[in-house]
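**Student:** just the structure for this:
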Amino acid sequence: MEHVNSPERQRHRGERDTAVRRGGRARSGALGSEFWTDRTVAWYERANAESDYATRVLEAVGPALDDCRDALEVGAGFGALTLPLSRRLRSVTALEPAPAMARALRATAAATGLGNLAVIEAAWGEVPLRPYDLVLCAHVGGLLDGGSPFLHAVGSVARRVVVLVRDLPARSDDDKFFYRELYPTLLGRPYEHGCRADDTVASLERLGIRPAVTAIEYSSDQPFSDFEEACDFWMTYMGLEGEKPRAFLRGFLDERLERRGGQLVAPFRKRAAVITWRPGA
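**Tutor:** Residues are numbered from 1 along each chain as shown. Got it, this is the predicted structure:
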């Protein structure tokens, strides 16, 4: 397979890789506007519909959630955590800068009758925010990186508890969407996953914050209706174009995707750290 490695293609793939490393949640600036479309959001919604992600996160938060009446989620996406929180709390505000994500979240809230959910289409720092009992931020690269100003400021917006969720290193037998195999073959380089919870925790400790850290594991299987849709997914996320990589993917995925109830599924288990603390405690 001939690698597609022109400088321009490398630049675009580097931007895509950033989104992949951040768990598909890099939504600030031009990348968010370009990458998140109704279709890419729908892929994540379908995976989330079959995932136990929200259950595992909220279990890790535990009794601290019982003390909260309202919440703010920063970088809420399509609502993987926002929607379950809205069913438990009096009111929830979602801060989400990507139009396609915000649009999907509003649509689901309207369809399910969640009138207590407000969606603000903006990024952290772009609009004034009042205090909330709970402030949550999950898998938003940049904001959760070590040294981020967000980590210093978020406690001033939370009355009772702050919850951050960030990826833990994958187990040796986990291969997210087969990237360890596909990157060398199609992109000519190894796949590197740079989103680390220990970086976030170390930054908080330098600020004098000693958070509780709970490791969770959850399903992140990705379903597809057929092989062509699956190929579209990998072509999009790896920044590929042309028939050669698509032809390779057809054969590759035919051997690796599981057939379940009329769907094709890319199986994947993910690990994350749920990082919590009470401001001022």
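**Student:** so what pairs up with residue 260 in the strands?
**Tutor:** Residue 260 has the following beta-bridge partners by DSSP bridges: residue 263.
**Student:** against residue 34, how distant is it?
**Tutor:** Taking C-beta to C-beta, to the nearest Å as the measure, residue 260 and residue 34 are separated by 32 Å. For the C-beta atoms, the positions are set from N, CA and C on the backbone; glycine is no exception.
**Student:** residue 223 too?
**Tutor:** In terms of C-beta to C-beta, residue 223 sits 25 Å off from residue 34.
**Student:** who has more neighbours, these two?
**Tutor:** residue 223 (20 against 13; other C-beta atoms under 10 Å).
**Student:** helix/strand/coil for that one?
**Tutor:** strand (DSSP: H, G, I helix; E, B strand; the rest coil).
**Student:** let me see the contact set for it.
**Tutor:** Going by C-beta atoms under 8 Å, 6 or more residues apart in numbering, residue 223 touches 46, 47, 50, 260, 263, 264, 265, 266.
**Student:** among these, name the buried ones.
**Tutor:** Neighbour-count burial (16 or more other C-beta atoms under 10 Å) is assigned, among the contacts of residue 223, to 46, 47, 263, 264, 265, 266.
**Student:** contacting residues around the first one?
**Tutor:** The neighbourhood of residue 46, defined by C-beta under 8 Å, 6+ apart, consists of 222, 223.
**Student:** surely it forms part of a helix?
**Tutor:** Yes. Counting by three-state DSSP, residue 46 is located in a helix.
**Student:** low-scoring stretches of the stretch 101-250 of the chain, by residue?
**Tutor:** For the stretch 101-250 of the chain, applying pLDDT under 70 flags the ranges 172-173, 194-195.
**Student:** do that again at 90, thanks
**Tutor:** Counting by pLDDT under 90, the stretch 101-250 of the chain contains low-confidence ranges at 141, 146-147, 168-176, 192-197.
**Student:** the helices in it, which residues?
**Tutor:** 149-153, 179-182, 197-206, 227-238, 243-256 (DSSP state H, counting those that start in this stretch).
**Student:** quick check: residue 77 vs residue 246, distance?
**Tutor:** Taking C-beta to C-beta, one finds residue 77 at 28 Å from residue 246.
**Student:** neighbour-wise, which of the two wins?
**Tutor:** When residue 77 is set against residue 246 and neighbours are counted by other C-beta under 10 Å, the residue ahead is residue 77, at 27 against 15.
**Student:** that one should be in a strand, yeah?
**Tutor:** No. Counting by three-state DSSP, one finds residue 77 to be coil, located in no strand.
**Student:** test my guess that it contacts residue 103.
**Tutor:** No. Using C-beta atoms under 8 Å, residue 77 makes no contact with residue 103, being 11.6 Å away.
**Student:** what's the closest non-adjacent residue to residue 51?
**Tutor:** In space, residue 51 comes closest to residue 219 once its chain neighbours are excluded; the distance is 5.0 Å by C-beta to C-beta, 6 or more residues apart in numbering.
**Student:** that neighbour and residue 49 touch, don't they?
**Tutor:** No. Contact criterion C-beta under 8 Å: residue 219 and residue 49 do not qualify, at 11.0 Å.
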